[in-house]
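> Here you go, sequence then predicted model.
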Amino acid sequence: MNSLYKCLIAAFLTSLTFTSYAQDLVNKIPADALAVATLKGKNLTELMSLTDFNKSFTGKKILSKLSKNADQPLTSIEDIGFNLTSSFYYYNQSNDSVTYNCFLAPVKNATQLDAFYNQSGQKFSVKGTMRSYYNSDSTEVAHWNNEMFLAVIGSGKKEYFSRPDVIERFGLTSAYPVGEAVSDSAATVVVDEDVVTDSVLVDSTMIDSTQEEDIIISDTSESNPFFKNEDQKKSIVAAWIQHMVEEFFAGTNKTSILNNNDFLKSQDAQAEATIWVSGVDKLFNTYMPAIPYLKGMSFFNGYGSGNAKFYLEDKSIKLTTSMTFSDEIASVFKRIHKRKLNKRFLKYVNEDRMIGYMGYALDTKAYLEEYPKLMSKMYGSIYAEEIGMAADLFSLLLDEEAIGKVVKGDAMFVFNGLMQNEVSYKSYDYNEENFETKEVMKTKKETLPDFLLMISSEDTRLIDKLIAYGVKKEAVKKHAGYYELSIPKSPLALYFTIKNQIMFFTTSITEIDAIAANSYAAKVSGKHKKTLLSSNYSAYFSGKKLAGKIPSEEFGGAKKLEKANRVLKSLGDIYMKSNPIKGNVLSGEVSMDIPANQPNALKYLFSLIEDATK
Amino acid sequence: MPSKFKYLLSIFILLCFSSCFQIIEEINLTKAGSGTVNLTLNLSASKTKVASVMLMDSIQGYKVPSKQTIQKELDEVVAYLKKSPGISNVQKKVDFENYVVSVSFAFKDIANINNVNQDVLKKLKIKGVSNSSYTYNPKIQTFCRSYQHTKDAVAQYNKLKPEVKKVFKDASYTSIYRFEQNIASSNNPLAKISKSKKAVMLNTGILGLINGKTDVSNNITLAK
């Protein structure tokens, strides 16, 4: 009974998965894709109807761009022929010799898509239900039928084509032949039937008539051996693309990305768009040019898969990101992230005045102890000995614990706005009589930031000594309960004090007075409290609060200022926070509230774009 | 969306780099054709920014000269001027408190300045500012300031980073020519004649000179 129940649940869940992907092309994406980006047409069209989209400012812009080369302008985005209520995908597939950037879209009406291509002056061939478009060297192709559209841009890897065995196998010339005569036969594409590249089987039939024509054109047009070589490489890549596309449409590749658990876990039906990367390290190596002196170094060693999800919700626009790390790196993060933000910081925050903040909390001691290990991971095998010695020396010289007491590792920066101070400067006046010059002193207002920076410190003895030294050298002035750092020629005064194991730095005399006199009127809402205290990194910015506070002279004219203020006012509050590390996954979130009068986030986003271009 | 952030970003960039400066060129000419020149570069209006920039070794990829370097280069200019034919009484004033630099000297003939001008600009490594020269004809009592904009100035300007370009936005150039005789006419509409009728002043933005929109050439006829 129990097992029957389990089976039923399993069957139910499986059917659910299948139905949700029924109209979806995701199962066509190969399991070995390095990165997949998804744009969910269904979610987007639910937020904004296609009619609304076509009428919108952004919609009109997109339509006019799409119909740039067409005889008849597009009036609806639907007329292109894609099924806009289904999902669109981008994916990257790479191996040691070639990288493919693929765009996969669901087709609703292939005839409309044909018309779109025809109108744009792009020629394509038709074979049964399959339409094929090739660019001049066939490294950019698009194929579509009544169900789906696949565009592929392929590029060969330089490192692969520089390998002596590859050069020999394909009859290529070495990368930069100087004054070498290249026989005609070398410039002709010879792709043997039994030649096998490291990943793809290439046979002569792969090069169709379209490509052959193109190759002939390029051969006759360029007599330079360098270009001939490049053309030859491109035609090899073109043949691989053709093979890949044929396999794709034949459906011979059975293992789809849906077999990848990590990919499945990264998907969220609620997200409007997602990006999933199978391995940051792998993707970085794919795009990174082969620079000899970086060989052996691995900047993303220990970084696993990652994903980003974009949500357009009723009340906010949200971007979440997450990254999986190896056990080793994750344990480093766990140690470093143990520290939480000092609760006492909140006694010096008043959200009515505050325009934004940034808070971060790291364990300095743990960071200093783990830093050498991170370095040795990054520089990998080649400099292992040197890095090892440097790491030992680093630990020997530093007393991590003592430093960790002076600067515990948590700090908060509160941006309270802008203030204006008067400064004097020398100028010249001219008398009307004979334009004799006379030196005069004039004054002008300079805009300065108004901020408060708080840093936790357990051991302030060193700082106390530094202050005493500063006072002695007259660089620091002592006031009642606080100090002033004099900055020559600057209208900016910096006040600081140490209190309750917190170092305070501020540009505002009112703030420091209140801090010194224990009379600071704090006001922090639960939302800010939670964001600040539960995250290792957090930030907040309110454009609305900044609007109207920027002096016009700082913005070069009233018109520009008005526009800036309008933009700032239309922005919702922006929040950024990191989540505590869960397992080996570190995640974070950036979100922006949307104004109450906006129907939904997508419509709001469109209105923002329209506003900014006004 | 990105353009929104462009505005936020520009607020901070403006706060960091907006500044202005003033160039004043004064020439006092006697009837015989000799006279004195006083050139002033005034950065005082942006002294807080200059002071903070001077604390740095380089900014936005540009090397910041030290006080010593500025002094040394000025000393070289003075030494060169002293050696130049027809030039005497060379003096320099440097005010690091307000960031004002001025150089003054006397000349026997206005033609002496023309030779000096190009060489000093070359020494200060200022390329392609303008093709500028002065002529004075005592017989027909005319003073001519000829000026021709060079495309090189725009090219040099365009090479600058946008933040640095902003420095030139509010920068101004003032030229004052004083004579012993009365001025009969001055053909540059931007120029103003003083009450005494013995001086001409032209005040304009540097940007107009760089992009060639402003012409500072002037033909001044003096009363006989």
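Perfect, thanks for sending it. This one's a predicted model, so the numbers in the text were calculated from it and none came from an experiment. Residues are numbered from 1 along each chain as shown, chains lettered A, B, ... in the order given.
> pLDDT weak spots in the stretch 101-250 of chain A?
Residues of the stretch 101-250 of chain A meeting the criterion pLDDT under 70: A:174-223.
> got the residue ranges for the helices in it?
Applying DSSP state H, counting those that start in this stretch to the stretch 101-250 of chain A gives helices spanning A:110-119, A:158-161, A:164-170, A:184-187, A:209-221, A:225-250.
> If we go by neighbour counts, what in the last one is buried?
Counting neighbours by 16 or more other CB atoms under 10 Å in any protein chain shown, one finds that the buried residues in helix A:225-250 are A:225, A:228-245, A:248-249. From N, CA and C alone the C-beta is placed, and that goes for glycine too.
> And stretch B:153-161, by the same measure?
B:153, B:157.
> Close to chain B: what parts of chain A are there?
A:423, A:425-428, A:430, A:432-435, A:437, A:442, A:444, A:446-447, A:449, A:488-492, A:543, A:550, A:554-556, A:563-564, A:567-568, A:571, A:605, A:608-609, A:612-613 (CB under 8 Å from any CB of the partner chain).
> at 6 Å instead, please
A:425-426, A:432-435, A:489-491, A:554, A:564, A:567, A:612 (CB under 6 Å from any CB of the partner chain).
> Buried ones from those residues, can you make that a ChimeraX selection?
In ChimeraX, this line selects whichever of these come out buried by 16+ other CB under 10 Å:
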select /A:425,426,434,435,489,490,491,554,564,567,612
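> Columns pLDDT and secondary structure on top of the residues of chain A next to chain B, output as a markdown table?
Converted to a markdown table, the residues of chain A next to chain B look like this (pLDDT from 0 to 100; DSSP: H, G, I helix; E, B strand; the rest coil):
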| residue | pLDDT | secondary structure |
| --- | --- | --- |
| A:425 | 87 | strand |
| A:426 | 88 | strand |
| A:432 | 90 | coil |
| A:433 | 91 | coil |
| A:434 | 91 | coil |
| A:435 | 92 | coil |
| A:489 | 67 | coil |
| A:490 | 70 | coil |
| A:491 | 71 | coil |
| A:554 | 66 | helix |
| A:564 | 82 | helix |
| A:567 | 81 | helix |
| A:612 | 73 | helix |
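> Sketch out the low-pLDDT regions of the chain for me.
Using chain A here. In chain A, residues with pLDDT under 70: A:1-23, A:70, A:174-223, A:253, A:285-299, A:378-383, A:488-489, A:553-556, A:614.
> Chain B, not that one
Ranges of chain B meeting pLDDT under 70: B:1-19, B:58-63, B:117-131, B:163.
> those strands in it, which residues are they?
Secondary structure of chain B by DSSP state E: the strands cover B:22-29, B:35-42, B:58-59, B:62-63, B:87-95, B:100-107, B:131-137, B:142-148, B:172-179, B:183-186, B:192-193, B:199-205, B:218-222.
> With mean neighbour count and distance to chain A added, can I get those in JSON lines?
Shown next, in JSON lines, are those (neighbours: other CB atoms under 10 Å in any protein chain shown; distance: least, CB to the nearest CB, whole Å):
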{"stretch": "strand B:22-29", "mean neighbour count": "20", "distance to chain A": "6"}
{"stretch": "strand B:35-42", "mean neighbour count": "19", "distance to chain A": "7"}
{"stretch": "strand B:58-59", "mean neighbour count": "13", "distance to chain A": "16"}
{"stretch": "strand B:62-63", "mean neighbour count": "11", "distance to chain A": "20"}
{"stretch": "strand B:87-95", "mean neighbour count": "15", "distance to chain A": "8"}
{"stretch": "strand B:100-107", "mean neighbour count": "19", "distance to chain A": "6"}
{"stretch": "strand B:131-137", "mean neighbour count": "17", "distance to chain A": "17"}
{"stretch": "strand B:142-148", "mean neighbour count": "18", "distance to chain A": "15"}
{"stretch": "strand B:172-179", "mean neighbour count": "21", "distance to chain A": "5"}
{"stretch": "strand B:183-186", "mean neighbour count": "17", "distance to chain A": "11"}
{"stretch": "strand B:192-193", "mean neighbour count": "16", "distance to chain A": "8"}
{"stretch": "strand B:199-205", "mean neighbour count": "20", "distance to chain A": "4"}
{"stretch": "strand B:218-222", "mean neighbour count": "19", "distance to chain A": "13"}
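> Out of those strands, which gets nearest to residue A:407?
Of all the strands of chain B, it is strand B:58-59 that lies closest to residue A:407, at 27.9 Å by CB to CB.
> Just list whatever residues bridge to the residue lying closest to residue B:141 once chain neighbours are set aside.
Spatial nearest neighbour of residue B:141, excluding adjacent residues (CB to CB, 6 or more residues apart in numbering or on different chains): residue B:222 at 4.1 Å. Beta bridges link residue B:222 to residue B:183 when assigned by DSSP bridges.
> quick one: residue B:222 and residue B:178 touch, right?
No - distance between residue B:222 and residue B:178: 11.5 Å, which falls outside the contact criterion (CB atoms under 6 Å).
> shared neighbours of these two, anything?
By CB atoms under 6 Å, 6 or more residues apart in numbering or on different chains, residue B:222 and residue B:178 have no common neighbours.
> Show me where the stretch 451-600 of chain A has its helices.
A:461-472, A:509-516, A:526-534, A:543-546, A:558-570.
> for the third one, which positions count as buried?
When you say that, I think you mean helix A:526-534. By neighbour count on 16+ other CB under 10 Å, the buried set for helix A:526-534 is A:528, A:531-533.
> Extract the C-alpha set from it and format it as PDB.
Written as PDB, here are the backbone C-alpha positions of helix A:526-534 (Å, rounded to 0.1, in the frame of the first residue of the first chain):
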ATOM      1  CA  GLY A 526      11.600  46.400  11.100                       C
ATOM      2  CA  LYS A 527      12.300  45.900   7.400                       C
ATOM      3  CA  HIS A 528      15.600  47.700   7.600                       C
ATOM      4  CA  LYS A 529      16.500  46.100  10.900                       C
ATOM      5  CA  LYS A 530      15.900  42.600   9.400                       C
ATOM      6  CA  THR A 531      17.900  43.400   6.200                       C
ATOM      7  CA  LEU A 532      20.800  44.800   8.100                       C
ATOM      8  CA  LEU A 533      21.100  42.300  10.900                       C
ATOM      9  CA  SER A 534      20.400  39.100   8.900                       C
END
